[in-house]
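> Sharing a model that was predicted from the sequence below.
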Amino acid sequence: MSAIYREITPLTQSDCYTLFARVKKDFDFPLHSHEEYELNFLANATGVKRIIGDHTEVIDDLELVLVGSNLPHGWFNHQCKSGAIQEVTIQFHRDLFDEKLLRRNQLSFIRTLLERSAKGIAFSRETIEALRPRIEGLTQKSGFDSVLELMSILHDLSTSRNMRTLSNSSFTSDSLNYNSRRLEQAFEFMQMNYDKDISLADLGRVVNMPDVSFSRFIKKRTGKTFIDSLNEIRLGHASRMLIDTTHTITEISYKCGFNNTSYFNRMFRRKNGCTPREFRQNYSGTRVFI
């Protein structure tokens, strides 16, 4: 199997979800994973190969799949001859629904759906045909109405018949709740100052720890070094700028705190499995951030 890349999506903490709608003829984005949940709709895609976790399948003309957090996934041309594949991709934060909210009786179906999506879920043709107009219609909605409509779509999916779980094993890692005030302060500082030159000593001062101690602390609690964590934040902002602006890649690199464009390109490719230019092309089309 191909390498699995860790995509840094353009969704910020201020957004509820993002939606991309486009017509395309090629699937050239690599096998990848990301923290966000993803609902992916395809039409006119007969012969495309779908990989979700350890499950591979050649799909029919209509497709609707919910991909859980951190689950590797990808779609590939394979035997598809269509020159006009319609795609709607919706990505939303794993904490869009608070855990306490999901425990309420009225949200129990959505909770079960999100739990099952850790292995990927494919929905029946009947369900896809019923919900297609509403998924496509989300591009026309905004604000509170669009969030309610997404919740309503997820609820209707959660009670639909004949859904199939795809992957045999779950790839989810739930080690993302660090429960540390110091880490919260550190990440808040990095979010506010990602475009500046931040050192380990700066963060040590913010959290009132010697920098060597903080370096060990962040690695132990998150599994990532200080530089890895800072780069992920910078790459997230870069992803958003690639989509939202017409700035050159060099401009975006410097605006996001990378002082070397070739280093930025290398880091971006390592995380996303594609160049910044390819990423920008992949997200072309109608895009909505809610």
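Perfect, I can see it now.

> same for the helix or strand harbouring Phe187, what does it pack against?
Per DSSP states H and E: Phe187 is located in helix 181-193. Helix 181-193 is packed against helix 200-207, helix 211-222, helix 226-244, with contacts defined by 3 or more Cβ pairs under 8 Å, 6 or more residues apart in numbering; DSSP states H and E. For glycine as for every other residue, the C-beta is placed from the backbone atoms N, C-alpha and C.

> what angle do the shortest one and helix 211-222 make?
Using axes from the mean of the first three to the mean of the last three Cα atoms, to 10 degrees, the direction of helix 200-207 lies 80 degrees away from that of helix 211-222.

> for the longest one, same thing?
Orientation check (the same axes, to 10 degrees): helix 226-244 against helix 211-222 gives 60 degrees.

> Rounded mean pLDDT for helix 226-244, please.
For helix 226-244, mean pLDDT rounds to 89.

> can you check the shortest one too?
The predicted model gives helix 200-207 an average pLDDT of 93.

> Name the residues of that helix that are buried.
Leu200, Leu203, Gly204, Val206, Val207 (16 or more other Cβ atoms under 10 Å).

> low-confidence ranges in the stretch 101-250 of the chain?
170-179 (pLDDT under 70).

> Please identify the one among the buried residues of helix 200-207 that lies nearest to Leu242.
Nearest to Leu242 out of the buried residues of helix 200-207 is Leu203 (Cβ to Cβ; 26.8 Å).

> What separation do you get for the closest one and Thr225?
12 Å (Cβ to Cβ, to the nearest Å).

> related to what we said a few turns ago, next, format the buried residues of helix 200-207 as JSON lines and append distance to Arg182.
Converted to JSON lines, those look like this (distance: Cβ to Cβ, whole Å):
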{"residue": "Leu200", "distance to Arg182": "14"}
{"residue": "Leu203", "distance to Arg182": "10"}
{"residue": "Gly204", "distance to Arg182": "10"}
{"residue": "Val206", "distance to Arg182": "9"}
{"residue": "Val207", "distance to Arg182": "4"}
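
> which ones are touching the closest residue to Val58 other than its chain neighbours?
Closest residue to Val58 apart from its sequence neighbours, by Cβ to Cβ, 6 or more residues apart in numbering: Lys49 at 5.5 Å. Taking Cβ atoms under 8 Å, 6 or more residues apart in numbering as the criterion, Lys49 is in contact with Thr56, Glu57, Val58, Ile59, Trp75, Phe76, Asn77, His78, Gln79.

> redo that, cut-off 7 Å
For Lys49, the contact set (Cβ atoms under 7 Å, 6 or more residues apart in numbering) comprises Thr56, Val58, Phe76, His78.

> which of these lies closest to Pro276?
Among those, Phe76 lies closest to Pro276 (Cβ to Cβ), at 21.8 Å.

> How about Met151, nearest residue that isn't a chain neighbour?
Computed as Cβ to Cβ, 6+ apart, the closest residue to Met151 that is not its neighbour in sequence is Ile110, at 7.5 Å.
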